[in-house]
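**Q** Fold the following, please.
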Amino acid sequence: MTKRKAPVAGKTDNQLSLFDALVREAAATAQDPAAGSMNQATLIRAGISEAIRKSGMKRWEIAGRISELTGCEVTESMLNAWSAESRDDRRFPAELLAAFCYVTGDRELLRTILQPLGCHLFETEQAVMAELGRITVQKQQLSAKERQLREYLSKMR
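**A** All right, here's what the predicted structure looks like:
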């Protein structure tokens, strides 16, 4: 009787692998986006609110840290306006995005912004793993080419 492989930690049968998710994403983004489909105002407002909530910090603390890191004055009232559905006259400035994500410790807002473009945010470890995968594929391609050349050379002799 063959041994069953142990399940991958945290992976269930109905969970997509990264590759499956990327293939599905590529298929969805292969078409031109519909008019208005890239207006992310509501998603960005929700993302700001969620990041603030999950951070466990007070809004004034977040505003103060962003101000400190960017040299731009950011107030609690500004954060409130950027996250309020009723304030469609206020937009979150892109130049504060990195500081906001750093201060809140949440990168979901970046993922939200990248998603319609078919781009994905890799954290450092994920990026290193992806690079290792790329190198592995290159090695396999070079090995295949080396085999072909050796076969060709042996036929020449």
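**Q** So for the chain, the centremost residue is which one?
**A** With distances taken as CA atoms, centre = their mean, Leu121 lies nearest the centre of the chain, 2.4 Å away.
**Q** In this structure that residue contacts Leu110, no?
**A** Yes. Counting by CB atoms under 8 Å, Leu110 is a contact partner of Leu121 at 5.3 Å. Placement of C-beta: from N, CA and C, glycine included.
**Q** is it true that Ile44 touches Arg111?
**A** No. The criterion here is CB under 8 Å, and Ile44 misses it with Arg111 at 11.7 Å.
**Q** Between the two, point out the one with more neighbours.
**A** Ile44 (18 against 13; other CB atoms under 10 Å).
**Q** State the distance from the more buried one to Thr124.
**A** 25 Å (CB to CB, to the nearest Å).
**Q** Tell me how many other residues crowd Thr141.
**A** Rather than Thr, residue 141 is Gln. 10.
**Q** Over to Gly47?
**A** Neighbour number of Gly47 under other CB under 10 Å is 22.
**Q** From here on, call the first residue 40.
**A** Happy to do that; since the first residue is 40 now, the last one works out to Gly86.
**Q** any idea what sits nearest it, other than its immediate chain neighbours?
**A** The spatial neighbour of Gly86 that comes closest, neighbours along the chain excluded (CB to CB, 6 or more residues apart in numbering), is Leu148 at 4.0 Å.
**Q** Let me know the secondary structure of that neighbour.
**A** Secondary structure assignment for Leu148 (DSSP: H, G, I helix; E, B strand; the rest coil): helix.
**Q** That one: what's it in contact with?
**A** 83, 86-87, 90, 136, 139-140 (CB atoms under 8 Å, 6 or more residues apart in numbering).
**Q** Filter the residues you listed down to the ones in strands?
**A** Among those, DSSP state E puts none in strands.
**Q** Which of these ranks first by neighbour count?
**A** Tallying neighbours with other CB under 10 Å puts Phe139 at the head of the contacts of Leu148, with 27 neighbours.
**Q** Nearest spatial neighbour of it, chain-adjacent residues omitted?
**A** Phe139's closest residue in space is Ile105 (CB to CB, 6+ apart), at 6.0 Å.
**Q** With that, I have no additional questions.
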